[in-house]
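Asker: Coordinates for the following, if possible.
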Amino acid sequence: MMTADDVLSVLALLRRADADAWIGGGWGIDALVGEQTRDHRDLDLMHRSDQEPDVVAALAAAGFAETLDQRPVRFVVTDAAGRAIDLHPLVFAADGCATQASFDPGRPFRYPASCFVTGTIAASTVPCLSAAQQVHFHQGYEPTARDLHDMGLLRRTFGIATHFDP
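Answerer: Numbering: from 1, shown residues only. So this is what the prediction gives:
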């Protein structure tokens, strides 16, 4: 499991390495609502692809080793305690928008500049993805119980429509 302290520790490591990262997934949604609402198996982070060597080096120094390589789409690092970080490399344009490769090469994931926002974890301000971007990424598949929980939070907190009901 990944705790709030773990998340803040990882972000601090990356800041010290001058590497930018934004929280997505469940922790990103909890950051948007300002409180931890469920347990989290991992931490989803989006990072600048040109900073990937610094990201990998900082995490390796903290005991994380690569356990899954699906580059250029994503890769996962895990430490001896079983904490996992799912990393998503982003290529940024001059206007602040970004793209991430997908398993369908003709359809990359798109990140508008406005989706890079901040939230709160354990009273600390953290970089994360916007509610609209989170909803965008939670579509086109059969939702899990965690997805239903997360989308319900976004509906109640931000009054936005999601692609499935809780």
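Asker: Start from the N-terminal end of this protein and give the helices.
Answerer: 4-16, 25-33, 52-61, 131-137, 145-158 (DSSP state H).
Asker: what sits against the closest residue to residue 65 other than its chain neighbours?
Answerer: Of all residues not flanking residue 65 in the chain, residue 77 sits nearest, at 6.2 Å (C-beta to C-beta, 6 or more residues apart in numbering). For the C-beta atoms, the positions are set from N, CA and C on the backbone; glycine is no exception. Contacts for residue 77 (C-beta atoms under 8 Å, 6 or more residues apart in numbering) come out as 56, 59, 60, 64, 65, 66, 67, 84, 85, 87.
Asker: Narrow the residues you listed to those in strands?
Answerer: Using DSSP state E, the members of the contacts of residue 77 that fall in strands are 65, 66, 67, 84, 85, 87.
Asker: Among the residues you listed, which one sits closest to residue 41?
Answerer: Of all these, residue 84 has the smallest distance to residue 41: 6.9 Å, by C-beta to C-beta.
Asker: Just the pLDDT for the closest residue to that closest one other than its chain neighbours.
Answerer: Counting by C-beta to C-beta, 6+ apart, residue 84 lies nearest to residue 42, which is 4.0 Å off, once chain neighbours are set aside. For residue 42, the model assigns a pLDDT of 97.
Asker: Compute the number of surrounding residues for residue 42.
Answerer: 18 (other C-beta atoms under 10 Å).
Asker: Can you list the buried residues in stretch 3-12?
Answerer: Within stretch 3-12, the residues scored as buried using 16 or more other C-beta atoms under 10 Å are 3, 4, 6, 7, 10, 11.
Asker: Also stretch 125-137?
Answerer: Using 16+ other C-beta under 10 Å as the test for burial, stretch 125-137 gives 126, 127, 128, 129, 130, 131, 133, 134, 135, 136.
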